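**Student:** Whatever this is, show me its structure:
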Amino acid sequence: MPALFPAGSNALGQIRSLATRGDVIAQALMAIMNGTHWVKLTAAAENTGANTITITGQVCDQDGQNVAATAQVVVESIPVSGAGTMTVGASGTIKNGSGTKKVWIQTNSSGTFQLVVLNAAAEDNLIVATADNGETEVLKLTYV
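**Tutor:** Just a heads-up that it's a prediction; the model follows:
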C-alpha cells in the first residue's frame with residue numbers, strides 16, 4: 001500500500017526535493033520509499049457461466065506509477081466456503097500453486113499479472129496480494 005498523504009499534499013515532493021539537495025534524513029526516507037512497491041488490484045465482472053472473476057495486478061511505486069520490471073508476488077484467495085482456486089490469466093507466470101488458493105506468480109516485464117479466481121458459491125472472496133518487499137493489498141470479490 002502506498003504512503004497515504006492528505007488530498008493535495010505535496011509532502012512526498014518536498015521530501016524528494018530535500019533529498020536531492022543533500023538532506024540526509026530526506027535521503028533516508030526516499031531510500032525506503034523508492035524500494036517500497038505495492039500491487040494495485042482490479043477485478044473484472046464475474047463470468048457467471050464459468051463462476052470466475054479475473055483479477056489484474058500491477059506493481060506500482062509509492063507515487064502510484066507502474067513499475068516496469070519482473071516481480072514476485074504471493075496471492076492468496078480466501079473464500080467464505082467455496083473453492084477460491086486460482087489459475088493464470090493472460091499475463092504472468094505461476095511459479096507455484098496453480099489451481100490452489102495460494103499462488104506465487106511472477107509478473108511479466110511490465111510488472112503485470114492476471115489470475116482467474118473460481119468460486120461457484122454466491123459469496124464474498126478475499127484476495128490478498130503481497131509484493132516481494134512485503135507490502136500487502138487486499139481486494140474483495142463478490143460472486144452472485
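
**Student:** How are the helices of this protein distributed by residue range?
**Tutor:** 11-20, 24-34 (DSSP state H).

**Student:** Show me what counts as buried in stretch 63-80.
**Tutor:** Within stretch 63-80, the residues scored as buried using 16 or more other CB atoms under 10 Å are Val67, Ala71, Val73, Val74, Val75, Glu76, Ser77, Pro79. Where C-beta positions appear, they are placed from N, C-alpha and C, glycine not excepted.

**Student:** pLDDT wise, what is the spatially most central residue of the chain at?
**Tutor:** Geometric centre of the chain, nearest residue: Val39, 2.2 Å, by CA atoms, centre = their mean. pLDDT recorded at Val39 is 96.

**Student:** what do you get for Ala3?
**Tutor:** The per-residue pLDDT reported for Ala3 equals 73.

**Student:** Hmm, Leu29 and it touching each other?
**Tutor:** No. Ala3 lies out of contact with Leu29 (CB atoms under 8 Å); the separation is 9.6 Å.

**Student:** Settle it for me: which of those two has more neighbours?
**Tutor:** Between Ala3 and Leu29, counted using other CB atoms under 10 Å, the more crowded position is Leu29 (17 against 14).

**Student:** quick one: that one from Gln62, how far?
**Tutor:** For Leu29, the distance to Gln62 (CB to CB, to the nearest Å) stands at 10 Å.

**Student:** burial measure for Thr56, as a count.
**Tutor:** Residues within reach of Thr56, counting by other CB under 10 Å, total 18.

**Student:** For it, name its beta-bridge partners.
**Tutor:** On the basis of DSSP bridges, Thr56 is bridged to Thr42, Gln114.

**Student:** In contact with it, which residues?
**Tutor:** Thr56 makes contact with Leu41, Thr42, Ala43, Ala44, Gly89, Ser91, Thr112, Phe113, Gln114 under the criterion CB atoms under 8 Å, 6 or more residues apart in numbering.
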